[in-house]
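A.B. asks: Predicted structure and sequence below. I'll ask about it afterward.
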Amino acid sequence: MAGIISKIRMAVLITVVLIVSSPCANAEKRPIVLDAGHGGYDTGIISSGLKEKDVTLTIVKSLKAVLEENDERRVWLTRKIDQFASIAERRAEANSASPSMLVSVHLSSNDRASVYITWYLKSDTNLSLSEYYSVTSAQRRYIYESKALSRALGGALSDLLGVSVTYREMPLELLNTIAAPAVLVELPSSGIDFEERIAEVVSVIAEGIEAYERGE
């Protein structure tokens, strides 16, 4: 009987090892979630005849294709077409994916880029307690990773796209509740011809994400 039990235990152990080492395990890697700002009736900024909702959707769809050139990556989009999605819907979509990170793409109202994370220290005397505690424990776990992601993206925008970058902390409703590193990027609405340079912009954001993944 002892010999039979020993063989059963060995068979179970071999099965577990095979499952863990199987290539299928890589398929379960946490996806990157990309959020295209605005959509539907919410056009966002309109600059040089271009609507923010259209620019951001084009960027994230192209960025998904670039990032997924690496077979180990999966990318989810919070919206795939021109439709309105509430913050609650975007948040639910992102968290349901158990993401490795969230990057929300918007346009600024000027020629500067801004990269936002939520508050990670209550250092601003203008910040109310309700705003501070609106950051859930889900995001608070990843707040330093969010800061690292913001610096990687901002560094790429500054070094490779040649734009001025401002780093901001703000209790944004979407970022506050994401259970992963989460940032919101505002790209300059002026100074960049998105119709001519969209591929370059996408490449720069991809480099920022990859720099973060490399720990740079």
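C.D. replies: Arrived safely, thanks for sending. Numbers count the residues shown, from 1 in each chain.
A.B. asks: okay, CA-based contacts and neighbour counts for the rest of this
C.D. replies: Will do.
A.B. asks: what's the distance between stretch 57-77 and the middle of its chain?
C.D. replies: 11 Å (C-alpha atoms, centre = their mean, to the nearest Å).
A.B. asks: Let me fix that, I meant to ask about stretch 199-215.
C.D. replies: Taking mean C-alpha positions (C-alpha atoms, centre = their mean), stretch 199-215 and its chain are 11 Å apart.
A.B. asks: Could you point out which residue ranges in this structure have low pLDDT?
C.D. replies: Counting by pLDDT under 70, the chain contains low-confidence residues at 1-28, 120-135.
A.B. asks: quick one: buried residues of stretch 199-211?
C.D. replies: Applying a neighbour-count criterion of 16 or more other C-alpha atoms under 10 Å, one finds 201-211 buried in stretch 199-211.
A.B. asks: Can you pull the phi and psi angles for Leu149?
C.D. replies: The phi/psi pair for Leu149 (degrees, to the nearest 10) reads phi -60, psi -40.
A.B. asks: Can you pick out the ones from the buried residues of stretch 199-211 that are in helices?
C.D. replies: 201-211 (DSSP state H).
A.B. asks: Mind picking the two most distant members of the residues you listed?
C.D. replies: Val201 and Ala211 (15.4 Å; C-alpha to C-alpha).
A.B. asks: Which residue is the nearest non-sequential neighbour of Ala179?
C.D. replies: Ala138 (4.6 Å; C-alpha to C-alpha, 6 or more residues apart in numbering).
A.B. asks: if I've got this straight, that neighbour is in a strand?
C.D. replies: No: secondary structure of Ala138, determined by DSSP: H, G, I helix; E, B strand; the rest coil: helix, with no strand assignment.
A.B. asks: what about it, distance to Ile178?
C.D. replies: According to C-alpha to C-alpha, to the nearest Å, Ala138 stands 6 Å off from Ile178.
A.B. asks: And for Leu153?
C.D. replies: Leu153 is 18 Å from Ile178, by C-alpha to C-alpha.
A.B. asks: try Val202
C.D. replies: In terms of C-alpha to C-alpha, Val202 sits 23 Å off from Ile178.
A.B. asks: What is the neighbour count of Met101?
C.D. replies: 24 (other C-alpha atoms under 10 Å).
A.B. asks: ok, it - contacts?
C.D. replies: Contact analysis of Met101 by C-alpha atoms under 8 Å, 6 or more residues apart in numbering lists 31-33, 180-182.
A.B. asks: phi, psi of it?
C.D. replies: phi -170, psi 160.
A.B. asks: swap in Asp193?
C.D. replies: According to degrees, to the nearest 10, Asp193 has phi -90, psi 100.
A.B. asks: Settle this for me: Ser104 is touching Ile178, isn't it.
C.D. replies: No: taking contacts as C-alpha atoms under 8 Å, Ser104 lies outside contact range of Ile178: 11.5 Å.
A.B. asks: Of the two, which one has the most company?
C.D. replies: Neighbours were tallied for Ser104 and for Ile178 using other C-alpha under 10 Å; the higher tally belongs to Ile178 (26 against 23).
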